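In: no FASTA, just this:
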């Protein structure tokens with residue numbers, strides 16, 4: 001059976017209109033997620049987030065909640081419209097799920113390929129956010145849903 005103590009989700013989100021400056025300030029001042037048990041995970045996520053051609057920010061979120069982003073959602077939704085949150089695991093290679101190594105999820109790197117691919121896709125979210133603010137625009141220039 002799958003160990004659900006650590007789950008990883010691919011998050012797709014769009015910055016809420018007019019909150020670009022507030023989000024960047026929260027990142028720069030390291031107040032993003034303050035009060036959450038996830039602590040510095042929010043800042044790590046923003047440092048690794050990428051923006052695709054559709055204007056959506058994407059990152060892999062580590063979560064320990066029984067419901068996806070149960071604890072983190074209010075912190076993210078303050079600045080983002082979460083457009084999609086999906087399981088990021090490659091279940092085809094899950095040693096815990098196939099029974100070959102019980103509790104393998106604790107140190108699993110099954111999202112490593114996705115994270116590598118994501119790191120090479122699109123543009124840096126923070127770079128695009130900073131550039132858009134400098135130009136007086138929004139980092140989410142892609143089509144609206």
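Out: Arrived safely. These numbers come from a predicted model, not from an experiment. Numbering: from 1, shown residues only.
In: buried stuff in the helix or strand hosting residue 83?
Out: If you go by DSSP states H and E, residue 83 is part of strand 80-87. Judged by neighbour count (16 or more other C-beta atoms under 10 Å), strand 80-87 contains these buried residues: 80-81, 85. From N, CA and C alone the C-beta is placed, and that goes for glycine too.
In: could you pull out the strands for this structure?
Out: 7-15, 50-51, 57-63, 80-87, 123-124 (DSSP state E).
In: which one of those lies closest to residue 32?
Out: For residue 32, the closest of the strands of the chain is strand 80-87, at 10.8 Å, according to C-beta to C-beta.
In: low-confidence ranges in this protein?
Out: The chain contains residues with pLDDT under 70 at 1-6, 90-91, 96-97, 103-108, 137-145.
In: Could you pull out the helices in it for me?
Out: Secondary structure of the chain, counting by DSSP state H: helices at 20-28, 41-48, 73-77, 112-120, 125-134.
In: so can I have TSV of those helices showing distance to residue 95 and mean neighbour count?
Out: TSV is the format used below for the helices of the chain (distance: least, C-beta to C-beta, whole Å; neighbours: other C-beta atoms under 10 Å):
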stretch	distance to residue 95	mean neighbour count
helix 20-28	36	17
helix 41-48	25	18
helix 73-77	29	16
helix 112-120	14	13
helix 125-134	32	18
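In: and residue 63, which of these is closest to it?
Out: Closest approach to residue 63 among the helices of the chain is made by helix 41-48 (8.8 Å; C-beta to C-beta).
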